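Enquirer: sequence and computational prediction follow.
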Amino acid sequence: MKLILACDPNGGIGYQNRLPWSNIQGDLPRFKRLTEGQTVIMGRNTWDSLPKKPLPKRYNFVVTSQELDMPEHSQCITYDEFTSPESSLRFSSTWLIGGAQLVNACWPHITELHLTNVYDHYTCDTHIDLLYVEANFTRVWSEVFPDHRYEIWKRK
């Protein structure tokens with residue numbers, strides 16, 4: 001499974017169920033280009049925060065313990081279904097797009113990380129563990145932009 005997300009220097013990825021920044025130059029077009037035509041998996045809070053549901057031109061999976069009314073081309077699965085041993089095969093060629101709780105539960109299944117590192121610090125209430133990333137992944141590509149650095153990491 002691939003993971004795609006953005007974080008500040010402290011690993012902050014969200015604040016009050018929203019992105020803590022308003023815009024990262026080129027990040028949303030890159031996200032769209034990489035995930036269009038693919039399956040994306042997200043937690044319920046990420047689903048709730050989307051301005052448009054489902055994400056267009058993608059097969060949307062929402063991992064939740066709650067019942068959700070899902071539009072066409074979307075599917076709601078329970079947390080237990082998603083974290084079962086069989087799910088690693090079922091979702092092997094997908095993009096995990098958040099949130100932090102789901103990312104932390106799925107680290108063992110993530111083989112590639114596309115990480116946008118914003119330079120500024122933000123007030124965040126959800127984080128990823130950047131030390132875990134450095135200990136378990138190798139940075140294989142990096143590109144510098146005025147407001148962020150885009151990196152691709154592969155599991156060691």
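Expert: Great, that's in hand. Since this is a predicted model, take the numbers as computed values, not measurements.
Enquirer: report the longest helix in the protein, please.
Expert: In the chain, taking DSSP state H as the definition, the longest helix is helix 27-35.
Enquirer: can you tell me the SS state at Asp48?
Expert: Using DSSP: H, G, I helix; E, B strand; the rest coil, the secondary structure recorded for Asp48 is helix.
Enquirer: Glu67 too?
Expert: Three-state call for Glu67 (three-state DSSP): coil.
Enquirer: tell me the contacts of Ile41?
Expert: Going by Cβ atoms under 8 Å, 6 or more residues apart in numbering, Ile41 touches 1, 61-63, 82, 91, 94-97, 102. C-beta here means a position set from N, CA and C on the backbone, and glycine is covered the same way.
Enquirer: list the residues that contact the residue nearest the centre of the chain.
Expert: Note on the chain: the residue nearest the mean C-alpha position is Ile97, at 2.2 Å, using Cα atoms, centre = their mean. Counting by Cβ under 8 Å, 6+ apart, Ile97 touches 3-5, 31, 35, 40-42, 46.
Enquirer: can you give me the pLDDT of the nearest residue to Ile13 once chain neighbours are set aside?
Expert: Excluding the flanking residues, the one nearest Ile13 by Cβ to Cβ, 6 or more residues apart in numbering is Cys7, at 5.0 Å. The confidence metric pLDDT takes the value 98 at Cys7.
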